[in-house]
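Novice: structure for the following, please:
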Amino acid sequence: MQAFRNCGLCASGSLLKGRTDFLVARRNMAVLRRSAACVQLLKDKVNLLCSSPLHQRLLRLPEVARSNAVAFSVGSSLCAVPFTQVENLSHESLIRRASCLVTDSANTYLSQTTLALVDALTQYAKALHTLIALQKRYITSIGKLTPAEEDNIWQVIIGQRVEVSDRLEECKRFESNWINAIHICELSAEAAYNSGAEHACTATKTNLQVAQSKVEEIRKISKDAEKKLAETKAEEIQRMAEYASSIDINDLEDIPEAYLRED
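Specialist: Residues are numbered from 1 along each chain as shown. Purely as a prediction, here's the structure:
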């Protein structure tokens with residue numbers, strides 16, 4: 001009876017174990033099928049990617065680009081992906097990059113100082129032309145104005161002369177900064193050339209030429225205005241002398257005191 005019971009237990013245990021193994025086998029087969037489906041899907045995606053126009057263009061890359069490509073395989077397909085070659089960070093390359101940064105900063109400084117100087121010279125020339133117009137108006141009205149009117153116009157002329165003087169001081173201040181910018185650009189261009197950055201050197205020299213030509217152009221305009229002002233002053237002195245000789249010596253007291261103080 002004991003032996004029968006043992007045999008029954010063994011039989012039932014063997015049956016349970018066989019059933020468990022069967023379930024495990026079925027589960028493993030399901031996992032295997034899903035894995036096979038995933039692999040097949042991945043292969044289809046890779047085949048589609050490798051047959052795309054992008055892959056065809058990659059295959060037509062020149063030999064230099066293909067030499068930097070890393071090949072890898074997914075499933076049964078082969079694709080090529082280019083990688084950019086990193087420049088060697090040697091002392092020469094670092095100095096060359098630093099010189100390019102210096103030229104960029106120097107060009108910015110030159111641009112700002114040139115703009116400031118050109119604007120200051122333009123305003124100075126405008127102030128000169130305004131003063132010239134006022135003095136010509138006074139010349140044409142000599143002997144025709146009352147003392148009060150003559151005093152008023154002289155007050156305006158004196159105020160305009162003060163503005164001309166202020167504009168000239170502003171030009172001198174900006175010109176000092178501009179000259180410093182010129183020297184810095186010349187040094188940075190030389191440094192860029194010595195480091196091998198010929199493009200930065202050429203660009204800086206071009207900016208120097210443009211800035212100098214622009215400043216010289218506006219300087220010529222201001223110089224012409226100064227020349228016209230000197231001619232107007234000479235004409236004013238001559239006209240006053242003619243007017244003084246045409247009146248009695250006692251009328252010299254009517255000549256404005258501001259004119260008598262004129263250099």
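
Novice: can we go C-alpha only for contacts and neighbour counts from here?
Specialist: Fine.

Novice: low-confidence ranges in the stretch 1-150 of the chain?
Specialist: Within the stretch 1-150 of the chain, the ranges that satisfy pLDDT under 70 run 1-88.

Novice: neighbours of Glu217, how many?
Specialist: Look at Glu217: counted by other CA atoms under 10 Å, it has 12 neighbours.

Novice: right, I mislabeled it, should have said Thr232
Specialist: 18.

Novice: next, it: secondary structure please.
Specialist: Reduced to three states with DSSP: H, G, I helix; E, B strand; the rest coil, the structure at Thr232 is helix.

Novice: does it really touch Arg137, like I thought?
Specialist: No: if you go by CA atoms under 8 Å, Thr232 and Arg137 don't touch, sitting 10.5 Å apart.

Novice: who's in contact with the spatially closest residue to Glu190 that is not a sequence neighbour?
Specialist: Taking CA to CA, 6 or more residues apart in numbering, and ignoring the residues beside it in sequence, Glu190 has Cys201 as its nearest neighbour in space, at 6.9 Å. For Cys201, the contact set (CA atoms under 8 Å, 6 or more residues apart in numbering) comprises Thr103, Ser188, Ala189, Glu190, Ala192, Tyr193.

Novice: per-residue pLDDT of Cys201, please?
Specialist: According to the model's per-residue confidence, Cys201 sits at a pLDDT of 93.

Novice: before we move on, what about the one 4 residues further on?
Specialist: We note a pLDDT of 94 for Lys205 in this prediction.

Novice: try the one 10 residues further on
Specialist: Each residue has a pLDDT score; the one for Val215 is 95.

Novice: grab the nearest non-local neighbour of it.
Specialist: Of all residues apart from its sequence neighbours, Val118 sits closest to Val215 (CA to CA, 6+ apart), at 6.1 Å.

Novice: then Ile132?
Specialist: Leu229 (5.6 Å).

Novice: can you show me the strands along this structure?
Specialist: Listed in chain order, the strands of the chain (DSSP state E) span 69-74, 77-82.

Novice: and Val162, how far is that from Ile132?
Specialist: 14 Å (CA to CA, to the nearest Å).
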